[in-house]
Structures are given as C-alpha cells and as structure tokens.
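Visitor: Fold the stuff below for me.
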Amino acid sequence: MAPDTHKLQWDPELIAKYNINGPRYTSYPTALALTTGFDHSLIPAAISQSSDTLSLYLHIPFCHKLCYYCGCNKVVTRHQHKADIYLDALAQEMALYAPLLDSKRINQLHLGGGTPTFLTEVQLSRLMALLHKYFSINPDAEISIEIDPRSCSDDKLRHLRSLGFNRVSFGVQDLDEKVQIAINRVQDTELIRHQVALSRELGYRSINLDLIYGLPYQQAASFAETVAEIIRLNPDRISLFSYAHLPERFAAQRKISDSSLPDAPLKLELMQLAINRFVGAGYQFIGMDHFAKADDALAKAQQAGKLQRNFQGYTTAGQDALIALGVSAISQVSGVLWQNSKDLPDYYRAIHAGQLPVERGFSLNTDDKLRAALISQLICHFELDVEAFSRQWRLAGFWQYFAEALKRLQPFMEDGLVEVYAERIKVTDAGRLWVRSICACFDAYLSQGRQRYSKVV
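Guide: Okay, here's the model as predicted:
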C-alpha cells in the first residue's frame, strides 16, 4: 500500500536521532559478514537445494570514464580488447557452473557494472550466445541491462533489443550541469530524452531511470527541475538513491570536496521533494529508494505481498536464488552467500586454474535466516504478522526471542515511527523514511564494522 506522503516526517530532530550508519539490507547478514576460508563445497549443495528457477547477474566492470561518486567495482580503460579477455574468463566461469545448473532455468538475467554498454555489439552478441550455450533461459525471462547514455548509440540500443533484452535502466543521476561536472559525468539531457523515446519505440517493456540525491552542489531548485524532467520522460520505474560519501573506501570520491555536499537537512529536503513529486505524478513509493507505476511488476508484487529484496535491490524473482558471475559478484542461494574475487588478476588466476573464483562466503544459521526473513518483510512491506511469522519459523515466544530488538525499538515507538503489538509490527507512514534504522534493531551483526556503512539519509 502506498504511504500517505503528508504523514512522512521531515523533522531535523529525527535526522539527528535516527540518521545512523546502517546497511541497505540487500542481504542479511550483509556482505561484510563474508569471510575467507569459505568451504566451496557448500556451493553445489546450495544450488541443488534451490528452486527450479534462478536469477543470473553478470558484472561487467569496465568503464570508459571515471565517475567520481561511484562506489562500484570497476576498471576504467579505453582498451576495448580487455573486454574480450574478460569474456573469455566469463565463458570459463559459466562452464564451471553449467553442470550445477543443468536442471535449473533462468527467469531473470541482469547485466550490471561498471558499464555493461562498454561492450561493443559484437561483444554483446558473444556474451548472449555464451549465456544461451551454458544456461537454460526461459523464453519469457526478464533480461535487463544498466546503460550509460554516453556509451549507448541508437544502433547498440536496437542491437540489445534484438538480443532479447526487454528492460533497460539509464543512469541519469542529475541533469544539472554543475553537478555533472563535479561528479565527472556530463551528459546532455536531449540524449537521455532521445534514448528513452527510442527504447519505448523499440518495445522495451520496462524503462528505469536512476537518480542520486546528496551529490555535490545539488540544491532544491535545480533538483526540482531534474525531477520535473524525469516525470516528463514518464519511465516505468525510478530509482532514487542516497549518495554514500565514503572517501576512505572509494578513492575516486576523494575528488569530491566535503564542502560541496548538501548537509543532512538539505539532503532530506531533496528526498522529500522527489518523493512528494513522484507520488503526486502517480508513482507508487515502493520503499526506501524505488518508485513504480501501479501496473509495473514491482508495484504489483508489493500490492500482492510478494515483493522481495536481493543484491540488485527490490525484486520479483526471489531473494535467495541468485547466481552472480564476474569479478566481485555476490551470489545468494539457499541460505549461502559467496563472493568472487574483487581484483581482476585474482579472478583471472582462479579461472585459469579451473576453479570458481570465489574469495569469501558465509552460510546462514537458523537465527540468520529468520532475521533475514523478518528484515526483508519489513523493508519490502513495512509490516509483519508476528503470529504467522512465529508459526512459519516454529518460534515460541517471539518477543522473548527479540527482547533486545524490542528495547532498541522503544524510541521509534515513542516517536510514532513504528507500532508494536503482541501480534504484529507496523512501520507507520511517518516511519517509512527510517525503515533501515528500524530494521537495524533486529540486526545481530551491526555492532561489527558499523562505521563502514553510509548514513541512512
């Protein structure tokens, strides 16, 4: 159900109180829990126990230019042949997984990065041929790709459609030139308008536009113009991400001066502006960072109580059924998480040795699994049926089990952000902005490495 945006609380006191460093909960535990020394034999066992249909993610790390805000795993290069070497390695990784996935079908395929449109049309054709060679992809599968408008010609957009891609996500971030210069990502608004229109003409069934708030030099007036243009472009989905400034972790972010960044009240104002205007334009506020038209699959899944969350964010394809290929990619299947090597030389070394390039992993215990299920329910649907949850997990004494979480929830209850009853938990409309902080009350790992997360606003 869509929130009443008039009840969202844009209160500076709440910012000071609840704007903690916390995870985005694309998984629980988060990727920080993954450790070296992971038992690789857990991978085939997890896949064999999984459902018959899985999602597949491929990480394409290459970019032609460095965007200063970006915290993704990437390789900035002008040498196109490096992608051919990478595709060779991906082919070998696919061959290693193919016997494990022989009886499985792929119902969702996503190319992320980096910049997947770094690949040429010939390289994209080769990649899709490899995927069809090694995996069984459903004819009606969702096949999506992240696009940098600067690296996607009309011919490439047409070629992607001919290869079976049916969803596209354009990285817009902000349309203001001063902001674009500060983040080293200058792209013409007319180019984005043209590519969105062409995508619609070519029959892509879903178009997503990415925005980021909290970037250098963003102001309410200029960001309002960006939001207005996004609404005119009429995408099916909108992603509105909070910029996470972590220069100690991401070297490129050191090129962004702290003094150029919006302070917390202004950042909240930018989010408020965007939420109010997107909802006013008829979009459903899916959660922390997504909006969708009412007839979109994400919106329908939320309305039906079936929305889930995985390493790609909100999803309709299952949160515990994701195989991820490529450097740094993270898989999650049947309660087991594993991540490939983050460095390209290490990734290649493992592949050339005929081994899965897995560097770290984690196997969830029963407590992890039930907390993961609880957090996913709250972050996707903002309420939890305590009695049904307890029956599902055979949990006697829910609030005795979560006694520590109940103590942490107390201030949220006092501020009207969450309602807690014996039989249910409900995040109020006012509390939706702080759902990450509310979920953190149930996180048994948060005290370990908490400072490494970004602020929730």
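Visitor: So, low pLDDT: which residues of the stretch 251-400 of the chain?
Guide: Flagging of the stretch 251-400 of the chain using pLDDT under 70 yields the residue ranges 308, 310-313, 315-319.
Visitor: mind listing the strands for it?
Guide: For the stretch 251-400 of the chain, the strands identified by DSSP state E, counting those that start in this stretch occupy 284-285, 290-292, 308-310, 313-315, 321-325, 330-333, 336-340, 358-363, 383-385, in order along the chain.
Visitor: Excluding its own residues, what touches stretch 415-427? List them.
Guide: Stretch 415-427 is contacted from outside by 9, 14, 17-18, 378, 382-387, 399, 406, 409, 412-413, 428, 430-431, 434-435, 438, using Cβ atoms under 8 Å, 6 or more residues apart in numbering. No exception for glycine: its C-beta is placed from N, CA and C like everyone else's.
Visitor: Turn the strands of the stretch 251-400 of the chain into TSV, columns for mean neighbour count.
Guide: What follows is these, written out as TSV (neighbours: other Cβ atoms under 10 Å):
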stretch	mean neighbour count
strand 284-285	23
strand 290-292	25
strand 308-310	21
strand 313-315	21
strand 321-325	23
strand 330-333	25
strand 336-340	24
strand 358-363	19
strand 383-385	18
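Visitor: Residue 38 is nearest to which of those?
Guide: strand 358-363 (3.1 Å; Cβ to Cβ).
Visitor: In contact with residue 200, which residues are there?
Guide: Residue 200 makes contact with residue 207, according to Cβ under 8 Å, 6+ apart.
Visitor: My read is that residue 281 contacts residue 231, right?
Guide: Yes: under the criterion of Cβ atoms under 8 Å, residue 281 is in contact with residue 231, at a separation of 4.7 Å.
Visitor: Can you list which of the contacts of stretch 415-427 are found in helices?
Guide: If you go by DSSP state H, the contacts of stretch 415-427 have 14, 17-18, 378, 386-387, 399, 406, 409, 412-413, 435, 438 in helices.
Visitor: Serialize those residues to CSV and add fields for distance to residue 206 and neighbour count.
Guide: Output for the ones in helices among the contacts of stretch 415-427, formatted as CSV (distance: Cβ to Cβ, whole Å; neighbours: other Cβ atoms under 10 Å):
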residue, distance to residue 206, neighbour count
14, 34, 20
17, 38, 15
18, 33, 22
378, 26, 23
386, 35, 19
387, 36, 12
399, 41, 13
406, 40, 17
409, 36, 19
412, 34, 22
413, 38, 14
435, 24, 21
438, 30, 26
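Visitor: mind checking how far the closest residue to residue 278 other than its chain neighbours is from residue 410?
Guide: Taking Cβ to Cβ, 6 or more residues apart in numbering as the measure, residue 278 lies nearest to residue 291, with 4.7 Å between them; neighbours along the chain are not counted. Distance of residue 291 to residue 410, computed by Cβ to Cβ, to the nearest Å: 31 Å.
Visitor: try residue 189
Guide: The gap separating residue 189 from residue 410 is 47 Å, by Cβ to Cβ.
Visitor: One more: residue 386?
Guide: Applying Cβ to Cβ to residue 386 and residue 410 gives a distance of 17 Å.
Visitor: Let me see the ranges of the helices in the stretch 101-250 of the chain.
Guide: 121-134, 154-162, 177-182, 189-202, 220-233 (DSSP state H, counting those that start in this stretch).
Visitor: Same list (these) but as CSV, adding mean pLDDT and distance to residue 370.
Guide: Output for the helices of the stretch 101-250 of the chain, formatted as CSV (pLDDT from 0 to 100; distance: least, Cβ to Cβ, whole Å):
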stretch, mean pLDDT, distance to residue 370
helix 121-134, 98, 35
helix 154-162, 98, 41
helix 177-182, 98, 42
helix 189-202, 98, 41
helix 220-233, 98, 39
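Visitor: I'd like those laid out as TSV, including distance to residue 352.
Guide: Rendered in TSV, the data for the helices of the stretch 101-250 of the chain read as follows (distance: least, Cβ to Cβ, whole Å):
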stretch	distance to residue 352
helix 121-134	17
helix 154-162	30
helix 177-182	40
helix 189-202	38
helix 220-233	44
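Visitor: So this structure: which segments form each domain?
Guide: In the domain annotation for the chain, the residue ranges read 1-12+366-457, 13-322 (automatic domain parsing).
Visitor: Quick one: end-to-end distance for stretch 320-338.
Guide: Looking at stretch 320-338, the gap from its leading to its trailing residue is 12 Å under the measure Cα to Cα, to the nearest Å.
Visitor: Kindly report the same for stretch 236-247.
Guide: Across stretch 236-247, first to last residue, Cα to Cα, it's 33 Å.
Visitor: May I see the buried residues of it?
Guide: Residues of stretch 236-247 classed as buried under the neighbour-count rule (16 or more other Cβ atoms under 10 Å) are 236, 237, 238, 239, 240, 241, 242, 243, 244, 245.
Visitor: Pull the residues that contact it.
Guide: Here stretch 236-247 makes contact (Cβ under 8 Å, 6+ apart) with 69, 71, 169, 206-215, 230, 253-254, 256, 258, 261, 267, 271, 274-275, 278, 283, 289-293, 296, 298, 313, 452, 454-457.
Visitor: same thing but at 6 Å, please
Guide: Among residues not part of stretch 236-247, those counted as contacts by Cβ atoms under 6 Å, 6 or more residues apart in numbering are 69, 206-212, 214-215, 253-254, 274, 289-293, 296, 454.
Visitor: Stretch 140-151 now?
Guide: For stretch 140-151, the external contacting residues (Cβ under 6 Å, 6+ apart) are 106-112, 115-118, 164-171, 187, 191-192, 195.
Visitor: The same query, at a cut-off of 8 Å, please.
Guide: Stretch 140-151 is touched from outside by 63-65, 106-113, 115-118, 137, 157, 160, 164-172, 187, 191-192, 195, 206, 317, with contacts defined as Cβ under 8 Å, 6+ apart.
Visitor: PyMOL command for the buried members of the residues you listed?
Guide: Taking 16+ other Cβ under 10 Å as the burial criterion, the selection of buried members of the contacts of stretch 140-151 in PyMOL is written as:
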select buried, resi 63+106+107+108+109+110+111+112+113+115+116+117+118+137+157+160+165+166+167+168+169+170+171+172+187+192+195+206+317
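Visitor: residue contacts, the nearest residue to residue 228 once chain neighbours are set aside?
Guide: Nearest-residue entry for residue 228: residue 277, 7.4 Å, with adjacent residues in sequence omitted and distances by Cβ to Cβ, 6+ apart. Neighbouring residues of residue 277 by Cβ under 8 Å, 6+ apart: 224, 227, 228, 231.
Visitor: measure residue 137 to residue 33 for me?
Guide: Taken as Cβ to Cβ, the spacing of residue 137 relative to residue 33 amounts to 31 Å.
Visitor: Now do the closest residue to residue 357 other than its chain neighbours against residue 81, distance only.
Guide: Closest residue in space to residue 357, ignoring its immediate chain neighbours: residue 350 at 3.8 Å, by Cβ to Cβ, 6+ apart. Here the distance between residue 350 and residue 81 works out to 21 Å (Cβ to Cβ).
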